[in-house]
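>>> My questions concern the predicted model and sequence given below.
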Number of protein chains: 2
Amino acid sequence: MNRKEAVVGETQHKGMPEVGTSLLSGVSLPAAVVHEPALAHNLAWMQRFCEDHGARLAPHGKTTMCPELFQRQLAAGAWGITLATAPQCRAAFHHGVNRLLMANQLVGEANMAIVAELIEAGADFYCVVDSVANADQLARYFTARGLRLQVLIELGVPGGRCGCRDTDEVMALAERIDSEQALVLCGLEGYEGVVHGNDPERAVRAYAWQLVEAAQALDKDALIESPRPLITASGSAWYDMIAEVFREAHLGKQFVPVLRPGCYVVHDHGIYRQAQHDILGRRPELERGLKPALEVFAQVLSLPEPGLAIVGMGKRDIGHDQLPEPLRRYREGDERPGRTLSVAGWRVTKLMDQHAFVQLPHDEDEPEVGNGRVRVGDIVAFGASHPCLTFDKWRRVCRVDERLEVVEVMQTCF
Amino acid sequence: MNRKEAVVGETQHKGMPEVGTSLLSGVSLPAAVVHEPALAHNLAWMQRFCEDHGARLAPHGKTTMCPELFQRQLAAGAWGITLATAPQCRAAFHHGVNRLLMANQLVGEANMAIVAELIEAGADFYCVVDSVANADQLARYFTARGLRLQVLIELGVPGGRCGCRDTDEVMALAERIDSEQALVLCGLEGYEGVVHGNDPERAVRAYAWQLVEAAQALDKDALIESPRPLITASGSAWYDMIAEVFREAHLGKQFVPVLRPGCYVVHDHGIYRQAQHDILGRRPELERGLKPALEVFAQVLSLPEPGLAIVGMGKRDIGHDQLPEPLRRYREGDERPGRTLSVAGWRVTKLMDQHAFVQLPHDEDEPEVGNGRVRVGDIVAFGASHPCLTFDKWRRVCRVDERLEVVEVMQTCF
């Protein structure tokens, strides 16, 4: 057999099993895994949340950059997909997403050229602007291309990230945009995830009302060219507050309210689990809530000394804003396939590039049967925080059913 | 123009310009950049270091997972390429690397199957073993496949990562391997990067001597089957100490000493710059040393308030063990192309997924000309630490010449 025959096609990356394979035998680990039941639940849950609040859903696609998940989100009723960069928009459009909300500044001629091609190809594209300097750059470029660019003004907060710092700045920028034939003002954008304060709930609510007032001021001065202007905000931690304020403000007559959570689609085992806990505390009527759907499966490589397992999974395989959490364990080639073994007391203490250090409970008397004392080769499922920084470690993600059989090998487009 | 025509081929990921484009116009930023002059210097420098010390070089390929760089390393004289996982070995072999040193345990039947295919296709493959349990698993699998697997025993340290904890364990494992027809013991492996102590220099030296003694004990008891056994250790921080001890021990007669630094190929602006500084302190005769070759170029998206620039580069674009360091600035469309502008006093204070927060010096009187006060769209080159976690953020990396023209778009195989 020659080299090409041995390693054909797309087998040059990690995480590429065949459909029908079981995660517990036949899949090269580590592998990133999305559980279909939790995924389906989350897709329906967030779509319904938005509809119940009179808002449209444009899930942030940067979380997954996974076209198969974009299609699932659109099929569930999403209005469009939000993205962070021009290449991300190009990837989504290439995979059939027509309405693209780039919740970021469009800077640099090469990035403008990417967007110009998308518009020429029929994309319904929006990006955000927060400075006269950028508006002038965009107007110059798109005028030269003979195209019109749909923009939203970004309203930020002092000490925050991008965005105009107050309504006066918003109004001044709107007038500049109004004077540029190549730019079409379509509404207002914000992101409450960078709002800080001693009382974050109050600060986010105040910011949401600021967005409403700035949008109404633009509308009043007839500075918005689009007949159905957008007002959009929200990540995955405060979408309930944003939705509530937009609903209270009865914006629905003048504006299309658009929510943009991203992480909800697979949820997580860390910061978003906590955020969801807070949301359900504020809004007990939102029963059940989201379910974590994304895990990384990896194998024990070594048990070099008592109380220590080295697992074949590292910073290149899983998000590490927080250390991953061992969830369940399986035995490769178990006589009872799929049986879960205990990880009680297991704790990740350190991640290197390709290895995790797991501290085990000192339980020398643990029986070999039943609970299943750990062995080299045992398969461990880990949860992580947050999903954006797990997805981007993988070119392929396995979607699995409740029996842990691979039903789809989904690509990512980072 | 239809969708397919607009976004053809491989244009669905970031960082994919055409050869001949200048980084300062026409390349969608952010982009990862390798500077050819520093790369060429590093390739030659480390090869010469190894030859001067009577050692072979098997650069750790997991750093870059870049086949074009593997070929450069082999062309410079490398003995083989080191890798961390079975899929990484498959990718390297697929791209023409025949001698593969997997400096890690081979665990799981799916990973064993990948390696079996490589051996059948003619690869000269080695992996490491540190437990009887794993040796038994490997023997069972490779016996069933009718293949023989070349292994090295790993010697670790108490409190370290994988590896036998002392020479007794090494000898016992060697005897078990000796009893398995499917396993060919080819030498000893270690990694000094996980050795700790109050005096790390002394601890690393002591560990290197432990490796020598364990290897000699294996040789004395005739437990090594290979006629030219290997002894191998070293990452990019202590290669000088390992090389020195291997040379002092006159191992060259019995063993092939193999060094495995990875990060040297592009060096860095953080932990490895410091490590190199320490090495040159220990070994002043190693003139000049390595040069940082890897940078990420990104653009200023917004200047929302005095003293703050938001740059379009985040955790998904650059390693963040330490915060990235602004190195130089350029102006897109500058009337003097390639002129560098100051980043004196610039400091990254925070990274989000897609954004960097840069604190600027409060210098309201900075002249618009000359030093070039910052503008939206300015291009900033950032250095990072460490390279492994920058390369894995990119599917394509731009190799550029001294004029910042793209001379090659190199792929990565993560």
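Sure, I can see it.

>>> Stretch A:402-414 near chain B anywhere?
Yes. For stretch A:402-414, a contact with chain B is found by Cβ under 8 Å from any Cβ of the partner chain, at A:413-414. The way it works is simple: take the backbone N, C-alpha and C, and place the C-beta from them, glycine included.

>>> Now that stretch: buried residues?
By neighbour count on 16 or more other Cβ atoms under 10 Å in any protein chain shown, the buried set for stretch A:402-414 is A:404-406, A:409-414.

>>> can you check stretch A:341-350 too?
By 16+ other Cβ under 10 Å, the buried positions in stretch A:341-350 come out as A:341-343, A:346, A:348.

>>> cool, stretch A:239-251 as well?
A:239-246, A:249, A:251.

>>> Nearest to B:Gln150, out of those residues: which one, please.
Set against B:Gln150, the nearest of the buried residues of stretch A:239-251 by Cβ to Cβ is A:Tyr239 (54.9 Å).

>>> Quick check, pLDDT for the closest one.
pLDDT for A:Tyr239: 95.

>>> residues in contact with the closest residue to it other than its chain neighbours?
Spatially, and ignoring its direct neighbours in sequence, A:Tyr239 is nearest to A:Pro261 (4.8 Å; Cβ to Cβ, 6 or more residues apart in numbering or on different chains). Shown in contact with A:Pro261 (Cβ atoms under 8 Å, 6 or more residues apart in numbering or on different chains): A:46, A:57, A:59-60, A:234-236, A:239.

>>> Mind doing that once more with 6 Å?
A:234, A:236, A:239 (Cβ atoms under 6 Å, 6 or more residues apart in numbering or on different chains).

>>> Secondary structure class of it, three-state.
coil (DSSP: H, G, I helix; E, B strand; the rest coil).

>>> List, one by one, the residues from the stretch 201-350 of chain A near chain B.
With the criterion set to Cβ under 6 Å from any Cβ of the partner chain, the stretch 201-350 of chain A comes near chain B through A:299, A:301-302, A:304, A:310, A:316.

>>> Quick check: the two most widely separated of those residues?
A:Pro304 and A:Arg316 (21.5 Å).

>>> For the residue nearest the centre of chain A, which non-adjacent residue is spatially closest?
For chain A, the residue nearest the mean C-alpha position is A:Thr63 (2.3 Å; Cα atoms, centre = their mean). Of all residues not flanking A:Thr63 in the chain, A:Gly262 sits nearest, at 3.6 Å (Cβ to Cβ, 6+ apart).

>>> Which phi and psi values does that neighbour adopt?
phi -120, psi -50 (degrees, to the nearest 10).

>>> Among the residues of the stretch 201-350 of chain A next to chain B, which lie within helices?
Of those, none are assigned to helices by DSSP state H.

>>> Just the buried residues from those, in ChimeraX please.
The ChimeraX command for the buried members of these (criterion: 16+ other Cβ under 10 Å) is given here:
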select /A:299,301,302,304,310,316
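
>>> quick one, strands of the stretch 151-300 of chain A?
Counting by DSSP state E, counting those that start in this stretch, the stretch 151-300 of chain A has these strands, from start to end: A:183-189, A:230-233, A:256-259, A:294-305.

>>> Name the residues that touch the second one?
With contacts defined as Cβ under 6 Å, 6+ apart, strand A:230-233 is touched by A:186-190, A:192, A:211, A:215, A:242, A:251, A:255-258.

>>> can you check the first one too?
Outside of strand A:183-189, the residues that reach it under the criterion Cβ under 6 Å, 6+ apart are A:126, A:128, A:139, A:148-154, A:174, A:177, A:214-215, A:224-226, A:229-232.

>>> For A:Glu225, grab the count of nearby residues.
17 (other Cβ atoms under 10 Å in any protein chain shown).

>>> hang on, the earlier thing: columns pLDDT and secondary structure on top of the buried residues of stretch A:402-414, output as a markdown table?
As requested, the buried residues of stretch A:402-414 are exported to a markdown table (pLDDT from 0 to 100; DSSP: H, G, I helix; E, B strand; the rest coil):
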| residue | pLDDT | secondary structure |
| --- | --- | --- |
| A:Leu404 | 95 | coil |
| A:Glu405 | 95 | strand |
| A:Val406 | 96 | strand |
| A:Val409 | 96 | strand |
| A:Met410 | 97 | strand |
| A:Gln411 | 96 | strand |
| A:Thr412 | 96 | coil |
| A:Cys413 | 96 | coil |
| A:Phe414 | 94 | coil |
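
>>> Regarding the nearest residue to A:Val265 once chain neighbours are set aside, which helix or strand does it belong to?
Leaving aside its chain neighbours, A:Val265 sits nearest to A:Asn42 (5.6 Å; criterion: Cβ to Cβ, 6+ apart). Element membership for A:Asn42 (DSSP states H and E) is helix A:36-52.

>>> So which bits of that helix are buried?
A:38-39, A:41-43, A:45-47, A:49-50.

>>> Against which helices or strands is it packed?
For helix A:36-52, there is no helix or strand it packs on, judged by 3 or more Cβ pairs under 6 Å, 6 or more residues apart in numbering or on different chains; DSSP states H and E.

>>> and the stretch 1-150 of chain A, which of its residues are near chain B?
So the stretch 1-150 of chain A meets chain B at A:1, A:3, A:6-7, A:12-14, A:26-29, A:84, A:87, A:90-91, A:94, A:105, A:107-108, A:110-111, A:117, A:120-121, A:130-131, A:133-134 (Cβ under 6 Å from any Cβ).

>>> Can you say which of the residues you listed are buried?
For the residues of the stretch 1-150 of chain A next to chain B, a burial check counting by 16+ other Cβ under 10 Å picks out A:3, A:6-7, A:12-14, A:26-29, A:84, A:87, A:90-91, A:94, A:105, A:107-108, A:110-111, A:117, A:121, A:130-131, A:133-134.

>>> What about the residues you listed, which are in strands?
Judged by DSSP state E, those include A:Gln105 as members of strands.

>>> Could you single out the nearest of the buried residues of stretch A:341-350 to chain B?
A:Val348 (13.7 Å; Cβ to the nearest Cβ).

>>> got the contact list for that closest one?
A:Val348 sits in contact with A:323-324, A:356, A:358, where contact means Cβ under 6 Å, 6+ apart.

>>> Look up which residues are beta-bridged to it.
A:Val358 (DSSP bridges).

>>> What's opposite the closest residue to A:Leu152 other than its chain neighbours in the beta bridge?
Using Cβ to Cβ, 6+ apart and skipping residues adjacent in sequence, the residue nearest A:Leu152 is A:Glu189, 4.1 Å away. Counting by DSSP bridges, A:Glu189 is bridged to A:Glu154, A:Thr232.

>>> Serialize the buried residues of helix A:36-52 to a markdown table and add fields for distance to A:Pro337.
Shown next, in a markdown table, are those (distance: Cβ to Cβ, whole Å):
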| residue | distance to A:Pro337 |
| --- | --- |
| A:Ala38 | 21 |
| A:Leu39 | 23 |
| A:His41 | 25 |
| A:Asn42 | 27 |
| A:Leu43 | 29 |
| A:Trp45 | 31 |
| A:Met46 | 34 |
| A:Gln47 | 35 |
| A:Phe49 | 37 |
| A:Cys50 | 40 |
